[in-house]
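Sequence isn't available, so here's the structure alone:
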């Protein structure tokens, strides 16, 4: 288990990258921070002898995980993305070769539009990921349904890998 914390502070709260406004990312910072996080994960894997992890992130954490999938695809084994949006306006062509991704969106999310989360699902699928995208009757907060679906999904991923 690796639990990194974002190194950018916004109103005293840690984030993984800077925003210019709500829903508007500093994409240069996204790219830099994704490279740094990818290097951290690669170093931790080597130091501790662990396999590529499955990222689990909510909102900003989900967005940096999505950026990692696109910018450094070999760093992660897959991801659970809770309330994620497209992290880069012009992402590179990634090769995700069947990596499992669970994308959980909120039907009433005031921050991540339905079209944005659908675009992310398509972007990851087109890169070869096995995307399971579910839209829940929720906003931009976590719900018990998120926890239940994530638990079931990760159990199924591990069962298929065994």
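Structure received. Keep in mind the model is a prediction, meaning the values are calculated, not measured.

burial count for residue 128?
Using other CB atoms under 10 Å as the criterion, residue 128 is surrounded by 14 other residues. Every C-beta, even on glycine, is put in place using the N, C-alpha and C of the backbone.

Looks like it contacts residue 100 (just checking).
No - taking contacts as CB atoms under 8 Å, residue 128 lies outside contact range of residue 100: 11.2 Å.

Give me the packing partners of the worst-scoring helix or strand of the chain on mean pLDDT, helices and strands only.
Of all regular secondary-structure elements in the chain, judged by mean pLDDT, DSSP states H and E, the least confident is strand 19-21 with a mean of 85. Other elements packing on strand 19-21 under the criterion 3 or more CB pairs under 8 Å, 6 or more residues apart in numbering; DSSP states H and E are absent; no helix or strand qualifies.

In that strand, which residues are buried?
Buried residues in strand 19-21, counting neighbours by 16 or more other CB atoms under 10 Å, are found at residue 19.

i'd like the first residue to be 765 from this point on
Okay, residue one is now 765; in that scheme the one you just asked about reads as strand 783-785.

right, and the helix or strand after that strand?
Once the chain leaves strand 783-785, the next helix or strand it forms, by DSSP states H and E, is strand 788-789.
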